[in-house]
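Q: Give me coordinates for this.
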Amino acid sequence: QVQLVQAGGGLVQAGGSLRLSCAATERTFSKHVMGWFRQAPGKERELVAAIHWSDGNTYYAGSVKGRFTVFKDKNNAMVNLQMNSLEPEDTAVYYCAAGASNHDIATEEFFYDHWGQGTQVTVSS
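A: This next block holds a predicted model:
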């Protein structure tokens, strides 16, 4: 069974940077979107960034556009999320996820059928 294993995260001051990574146990995501969701306390889980594994199509939520960058490392079957200029509002548990797609990127959770274990990102003011 395919697994997504996350690394990175932690505590950082506002204005700082963090990188999250997501490694797949199998290299079978040629027709998949790899997404990064986050869930803050008391809020719904939301898609913040995503990339199509094959054609590089990307999506960014308005709240992170210009600050976060999602990119892939095909050699290591990894997708990374570089987070710069972090704000306290970015504090959440972050999840990577994979869902089948030829090109389009869905923002709804139900579209994604493989999930990482989640990692805490805390931004102090």
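Q: contacts and neighbour counts: CA atoms only from here.
A: Fine.
Q: and the residue most central in space within the chain, bridged to which residues?
A: What sits nearest the mean C-alpha location of the chain, by CA atoms, centre = their mean, is Trp36, with 2.0 Å. Residues in a beta bridge with Trp36, per DSSP bridges, are Ala49, Cys96.
Q: That one contacts Ala97, doesn't it?
A: Yes - using CA atoms under 8 Å, Trp36 is in contact with Ala97, at 6.3 Å.
Q: Could you pull up the residues touching Ala97?
A: With contacts defined as CA atoms under 8 Å, 6 or more residues apart in numbering, the neighbours of Ala97 are Leu4, Met34, Gly35, Trp36, Phe37, Tyr112, Asp113, His114, Trp115, Gly116.
Q: circling back to that earlier point, now the common contact residues for Trp36 and Ala97.
A: Common neighbours of Trp36 and Ala97 (CA under 8 Å, 6+ apart) do not exist.
Q: I'd like to know how many residues surround the closest residue to Gly15 other than its chain neighbours.
A: The shortest distance from Gly15 to any residue other than its chain neighbours is 4.2 Å, reached at Ser85 (CA to CA, 6 or more residues apart in numbering). Using other CA atoms under 10 Å, Ser85 has 15 neighbouring residues.
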